[in-house]
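S.K.: Provide a 3D model corresponding to the input given below.
(3 chains)
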Amino acid sequence: MLADEIGLIDQHCHGVVAADLDRPDFEALLGEGRRGTFASALGLAVRRWCAPVLGLPAHAVAEDYLARRAELGWREVSARLLRAAGVARWLVDTGFGFEDEFADLSGGEVAEIVRIETVAERVIAEKGCTAAAFDEIERSLRDGARNAAGLKSITAYRCGLDFPLRDTPPAPTALDARLTDPDALGWLVGLAARLSAELGLPLQFHTGFGDTDLRLHRADPLLLTDFLRATEHTGATVVLLHCWPFHRNAAYLAHAFPHVYLDLGLTIPHVGQRASAVLAETLELAPFDRLCYSSDGYGLAELHHLGARLWRRGMARVLAEWIADDVITPADADELVIAVAAGNAARVYPAATPRPRHGPDSPDRPLR
Amino acid sequence: MLADEIGLIDQHCHGVVAADLDRPDFEALLGEGRRGTFASALGLAVRRWCAPVLGLPAHAVAEDYLARRAELGWREVSARLLRAAGVARWLVDTGFGFEDEFADLSGGEVAEIVRIETVAERVIAEKGCTAAAFDEIERSLRDGARNAAGLKSITAYRCGLDFPLRDTPPAPTALDARLTDPDALGWLVGLAARLSAELGLPLQFHTGFGDTDLRLHRADPLLLTDFLRATEHTGATVVLLHCWPFHRNAAYLAHAFPHVYLDLGLTIPHVGQRASAVLAETLELAPFDRLCYSSDGYGLAELHHLGARLWRRGMARVLAEWIADDVITPADADELVIAVAAGNAARVYPAATPRPRHGPDSPDRPLR
Amino acid sequence: MLADEIGLIDQHCHGVVAADLDRPDFEALLGEGRRGTFASALGLAVRRWCAPVLGLPAHAVAEDYLARRAELGWREVSARLLRAAGVARWLVDTGFGFEDEFADLSGGEVAEIVRIETVAERVIAEKGCTAAAFDEIERSLRDGARNAAGLKSITAYRCGLDFPLRDTPPAPTALDARLTDPDALGWLVGLAARLSAELGLPLQFHTGFGDTDLRLHRADPLLLTDFLRATEHTGATVVLLHCWPFHRNAAYLAHAFPHVYLDLGLTIPHVGQRASAVLAETLELAPFDRLCYSSDGYGLAELHHLGARLWRRGMARVLAEWIADDVITPADADELVIAVAAGNAARVYPAATPRPRHGPDSPDRPLR
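M.R.: Model prediction:
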């Protein structure tokens, strides 16, 4: 089936750890907030699908998997897993570590997604909480956007998605070394939406589950409703990332607002065998020309690989069932696969952008 | 299977557009808030199930479907689709356009559902925001209820479902040409609940997804909990419409409150092939004697048709699986189908009411 | 399959009514808040699975089932159903009636779960709303905990799960004969969390659906996020009970916080045939070493029995599908069954505790 072979655009991922990992460090990265475990749907999927890529039998036990990983070395392992994902283009969020060697390892085209809070906090660290910082943040965002495929906000991790809508900057006292003030974030997101419209760059939002910094009920994409109304006719494009367990809510927003796109992101690798079920729930209301693919792979190339592998399996399963039930033709099913795999993202993100490069003088990024 | 053949009571729908539609107008009506597209589960269902009713092969492409629709004309198309739905009785919300010729086209019995906000706003337009308006609203509601099968509130679209409970009218300043004040709506809904008890008319609430006027998180039926507690022992009957993606929440409310009924309304046509999955989730907790059928068909007879068609398929599939698993007998499955198709609605709505008639002097209703 | 045979630890249940019941009383207990009906997924399950345990054919009609129940008498019926559940250890919440003869009837080991609000309210009834009550509540909780396997809070039924975090007692005026004050409950829960850490006793929370005392949207376990952050590194263990329809949210919390466990409790008997679907949704994100089993059986031994029966069927079905799809090995599937059936609970609850005994002078507990 086409879903098994088609080249993907991974519209949101991160880099991989450039080091060999012991079991605690590896296993931690199998969960959000470094709380992972092999005893999970994701752990089963690593053993089932990644082990053969490393030359092991399917279902190799964790010890054997990690021994083989150490034997091959992180670089070889990452290259194998990333290349076997069949991803033609990766859009990499560079605000959270690991991305330096990603392009070399992955073998695909790489473009950058600029995390707006990271840019703003870098400016605040330099300029302090002054009125001048506001202009400088805009300047820096414009500067970063020049080589980027999109913008991204992690406001869900800070004040939640019910931030106030602001067209003008708040008092400089709202700025802080770590941005958490709702007014400051509301202004920053509003600025990013204006840049999205002006520059033709999608603005991605983390929504749904993530690490323990998150209050998950504050990350329900429905809390963006007023923001989506305000931006609908401005030319801005909004992409809801991950979404689980609110993926039906996100599908509704894409149904209701023509400028809204969504993906399932890290949901797909994490839920393992259940990817088809979650995709089916999402397709209840999501317009077929608004659903995209991403892995949200972070730290471990296993996540990038499983995002692709399980998306392929999940889509193939859903569509095989629909074809068997005679509710879609094979040709229409192929068209749907093409749209979600790459077509929708190809339409909405700018085409090839200069590949981001980080020299030896780029600041170290902490492993959060 | 019985579900394929049984006559339905469609407990909540609207009329159809009395005009031929071009592609943009047709496609818009495939979505809430006129944002529809053929590239959706609903679009697939139109091509799969409605095309043959118009004499086309299943899965006809959109262009062919619309050409055939134009060839037959809206009147013939509507009559074919409505009559093939197998609906014996239609309860039509007359507060939102299109209903004039519905009875002639549909071939079934038609009764009226009175939208309470529409009645109130008509009075306010005449009387202004005066204390006299409150009495006149009650008088108009009683008048309208005389020939109606039920009442309906769209408070979810206005202030959300967590309106305050009020037994007495608020200050007249709370009234407005478009009712949005929570106190005014709380009073109006409370009045409707008293009329429901007094006149034996169910009071329907829009809950769950709808067009972009809605803040979906304010339309979670759980927000009605205090209202349901307050009305439980008054004799009022409450019907939760649509409910998705909160259909499990609505099922819980029907489980917890003996005066609460629910349906899946527009969910069924919109989710297409997934109707069986959504029905199964609803049947987890919904008492079998409290679930009803409706299509919420609006504007396009395709929606009325698919509501019925996909409900039949969905119920048949769920029950066939349960029978195969030996968790229900065929006889009990038939009883369940009868209850949801028509039995529960027949018990709760008043029997045959005078058919609403709109003369040539009835005001034009805008196509929102 | 192992799931069909393995001995269970039922980590949360109640006693059974020590009396023969007429139809209204029996049927009421098929629903939360005594609103049950045979016309439900649970009613079908009673007829399908419990009837044969009483010597009737599967799917016996309600009248026959109740006639047979009356013929055998509540004691024989309860003993048959409880013993056929295959439960090796029952953890019984003694704060809500019926538990006196449970150990004799059930044939398994019985340990006690202390309901903290019940203990606190007993103290307040004796001491009044005085500062002295706070110390006495702690003393009484310690006293009760000495023979208990765990603590339990029903704060969800009182102020909801977004209680304020408090380390110190509020003003005594916050105490009341029925504790509903958020500050008083926040203090009580905080005290229970400290005792959990100090004594090694899990602290269970009612979350998700329950009887009509509940505002379900206030019982979303996500509202515990701040509490879980505050207790993560204290040594406390938190168990989320029931969870439906928020079971995915609860699974996320277990994923995110290493001290969080969950079960599906009364969800399993209530959703009947859908148990496998709800289990599969939960396993999307719940770590396999953090999911437990309970029935939340209350009043009717049918609920204890169906909890076990439907959990066995549901787990067997999910895992058979996963094995057929080659995403888990049979050996790993067995390991998962063992963990959820009993292994996780055996690790987290203290081993054999003195069996609770209620002498003839124990106060009567009302049938709520």
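
S.K.: who are the neighbours in contact with the closest residue to A:Thr168 other than its chain neighbours?
M.R.: By the measure of C-beta to C-beta, 6 or more residues apart in numbering or on different chains, the closest residue to A:Thr168 outside its immediate chain neighbours is A:Trp187, 7.2 Å from it. For the C-beta atoms, the positions are set from N, CA and C on the backbone; glycine is no exception. Shown in contact with A:Trp187 (C-beta atoms under 8 Å, 6 or more residues apart in numbering or on different chains): A:134, A:166-170.

S.K.: Same question for A:Leu54.
M.R.: A:65, A:68-69, A:72, A:77, A:80.

S.K.: coming back round to it: what's the mean pLDDT across whichever strand or helix holds the residue nearest to A:Thr168?
M.R.: Under the criterion of DSSP states H and E, A:Trp187 resides in helix A:182-199. Averaged over helix A:182-199, pLDDT sits at 98.

S.K.: Now the element after it, going C-ward?
M.R.: Trace forward from helix A:182-199 with DSSP H and E and the next one is strand A:203-207.

S.K.: Outside of that following strand itself, list whatever touches it.
M.R.: Contacts of strand A:203-207 (C-beta under 8 Å, 6+ apart): A:11-12, A:113, A:150-157, A:161, A:189, A:192-193, A:195-196, A:219-221, A:224, A:236-243, A:246, A:250.

S.K.: and chain B, which of the residues you listed reach it?
M.R.: A:Asp220 (C-beta under 8 Å from any C-beta of the partner chain).

S.K.: Tell me which entries of the contacts of strand A:203-207 lie within helices.
M.R.: With DSSP state H as the criterion, helices contain A:155-157, A:189, A:192-193, A:195-196, A:250 from among the contacts of strand A:203-207.

S.K.: neighbour-wise, which of the residues you listed leads?
M.R.: Using other C-beta atoms under 10 Å in any protein chain shown as the neighbour criterion, A:Ala250 leads the ones in helices among the contacts of strand A:203-207 with 31 neighbours.

S.K.: Just the pLDDT at the residue of the stretch 1-150 of chain A found nearest chain C, thanks.
M.R.: Closest residue of the stretch 1-150 of chain A to chain C, C-beta to the nearest C-beta: A:Ala39 (4.1 Å). pLDDT, A:Ala39: 97.

S.K.: And for it, the neighbour number?
M.R.: 21.

S.K.: looking at it, it is touching C:Asp289, isn't it?
M.R.: Yes - at 4.8 Å, A:Ala39 and C:Asp289 qualify as touching, with contact defined as C-beta atoms under 8 Å.

S.K.: so what sits against both of these two?
M.R.: C:Ala339.

S.K.: list the contacts for A:Ala41?
M.R.: Going by C-beta under 8 Å, 6+ apart, A:Ala41 touches A:270-274, C:283-285.

S.K.: Just the buried ones from the contacts of A:Trp187?
M.R.: Buried subset of the contacts of A:Trp187 (neighbour count, 16 or more other C-beta atoms under 10 Å in any protein chain shown): A:134, A:166, A:169-170.

S.K.: wait, which of the residues you listed is closest to B:Glu232?
M.R.: Proximity of those to B:Glu232 was ranked by C-beta to C-beta; the top entry is A:Arg166 with 43.5 Å.

S.K.: how about the contacts of A:Trp187 in JSON lines, adding secondary structure and pLDDT?
M.R.: Shown next, in JSON lines, are the contacts of A:Trp187 (DSSP: H, G, I helix; E, B strand; the rest coil; pLDDT from 0 to 100):
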{"residue": "A:Phe134", "secondary structure": "helix", "pLDDT": "96"}
{"residue": "A:Arg166", "secondary structure": "coil", "pLDDT": "94"}
{"residue": "A:Asp167", "secondary structure": "coil", "pLDDT": "90"}
{"residue": "A:Thr168", "secondary structure": "coil", "pLDDT": "93"}
{"residue": "A:Pro169", "secondary structure": "coil", "pLDDT": "94"}
{"residue": "A:Pro170", "secondary structure": "coil", "pLDDT": "94"}
